[in-house]
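K.L.:
Got a predicted model here, sequence first, then my questions.
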Amino acid sequence: MDDLVTAISKDIESQGAKVEKIDNLGRKDFAYTPRKIEGAHYVTYTVTGEPDCIAKIREKLSLNDSVYMNQFNRVA
């Protein structure tokens, strides 16, 4: 799991963003089982970057089979 977290952070930095903080929240079960997946590891990345590099990160994560879901929040 740690290898995946560092690989994703390197992907984020390769797109021009800076990873400020990584919080590994551990494994948690889903309330329901979509696609027969019972749970997942939750990791929160705090990232700073331009809007165009955030769009590139979103696209890159959507192509990664190890990433089930992702969510982006803008903090002003």
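P.N.:
Structure received. Numbers count the residues shown, from 1 in each chain.

K.L.:
Phi, psi for residue 19 please.
P.N.:
Backbone dihedrals for residue 19, given as degrees, to the nearest 10, come out at phi -80, psi 110.

K.L.:
Surely residue 72 touches residue 54?
P.N.:
Yes - Residue 72 is within contact range of residue 54, at 6.6 Å (criterion: C-beta atoms under 8 Å). C-beta here means a position set from N, CA and C on the backbone, and glycine is covered the same way.

K.L.:
Show me which of the two is the more surrounded one.
P.N.:
residue 54 (18 against 11; other C-beta atoms under 10 Å).

K.L.:
Which helix or which strand is home to that one?
P.N.:
Here residue 54 sits within helix 51-63, counting by DSSP states H and E.

K.L.:
got the CA coordinates for that helix in CSV?
P.N.:
Provided in CSV are the C-alpha atoms of helix 51-63 (Å, rounded to 0.1, in the frame of the first residue of the first chain):
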residue,chain,number,x,y,z
PRO,A,51,-6.1,24.6,-12.2
ASP,A,52,-4.7,23.1,-15.4
CYS,A,53,-2.4,20.7,-13.5
ILE,A,54,-5.2,19.6,-11.2
ALA,A,55,-7.2,18.7,-14.3
LYS,A,56,-4.2,16.6,-15.5
ILE,A,57,-4.0,14.9,-12.1
ARG,A,58,-7.7,14.1,-12.2
GLU,A,59,-7.4,12.5,-15.7
LYS,A,60,-4.3,10.5,-14.7
LEU,A,61,-6.0,9.1,-11.6
SER,A,62,-9.0,8.1,-13.6
LEU,A,63,-6.8,5.9,-15.8
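
K.L.:
pLDDT (mean, whole number) over it?
P.N.:
In this model, helix 51-63 carries a mean pLDDT of 91.

K.L.:
residues making contact with it?
P.N.:
8, 11, 12, 15, 16, 17, 47, 49, 67, 70, 72 (C-beta atoms under 8 Å, 6 or more residues apart in numbering).

K.L.:
Apply 10 Å and report the result again.
P.N.:
8, 11-18, 45, 47-50, 67, 69-72, 74 (C-beta atoms under 10 Å, 6 or more residues apart in numbering).
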